[in-house]
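In: Got a sequence here, can you model it:
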Amino acid sequence: MTKIVIRTDDAAAFFSRAKAASRKADRGEAFDGTVTLSFEDPQRMFTVLSGARRRLMVEVMHEPKTINELSHRLRRNRSAITKDVGLLERAGLLVSQRQPNPGHGIQKVVRSVARRIEMVATLR
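Out: Down below sits the predicted model:
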């Protein structure tokens, strides 16, 4: 996936985009690698994508990092980073993978699902 668009939108716009995508699939046309994540309420979008979580996403967009690396770079508690990674994984924005950490057990490596993320909030 190359790009994620996070936006505020109502249900009608969501279904309109879904219908257009279905028509495109029916015609056998290729998709451009963009995924859209919609929130109905701008406040909810910015609650989920708080400043701290956006900084975390920026840290892993170009290079995967471990939870420990993120904790040090962002100067945040390791448990807070772990909690935010879990929330962003459930939202489909990040993925993590456990891997061996020689001499120290297992470590979790976090990466972004896209090279580019756009946020669009429309107040109505």
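
In: Please count neighbours and contacts with C-alpha atoms only from this point.
Out: OK.

In: For Met61, see how far away the one residue sitting closest to the centre of the chain is.
Out: Nearest to the mean C-alpha position of the chain, counting by CA atoms, centre = their mean, stands Leu93 at 1.7 Å. Distance of Leu93 to Met61, computed by CA to CA, to the nearest Å: 10 Å.

In: anything in contact with each of these two?
Out: Common contacts of Leu93 and Met61 (CA atoms under 8 Å, 6 or more residues apart in numbering): Ser112, Val113, Ala114.

In: Tell me the one of the residues you listed nearest Thr82?
Out: Closest approach to Thr82 among these (CA to CA): Ser112, at 14.6 Å.

In: Can you verify Ala80 is assigned to a helix?
Out: Yes - Ala80 sits within a helix when classified using DSSP: H, G, I helix; E, B strand; the rest coil.

In: Check which helices and strands whichever helix or strand Val58 is part of sits against.
Out: Using DSSP states H and E, Val58 falls within helix 51-61. Here helix 51-61 touches helix 67-74, strand 105-112, going by 3 or more CA pairs under 8 Å, 6 or more residues apart in numbering; DSSP states H and E.

In: Of those, give the one that comes closest to Ile81.
Out: Of all those, it is helix 67-74 that lies closest to Ile81, at 6.4 Å by CA to CA.

In: and the closest one, what other elements does it pack with?
Out: Counting by 3+ CA pairs under 8 Å, 6+ apart, helix 67-74 packs on helix 51-61, helix 78-90, strand 105-112.

In: circling back: quick one: the residue nearest to the centre of the chain and Ser22, what's the gap?
Out: Taking CA to CA, one finds Leu93 at 23 Å from Ser22.
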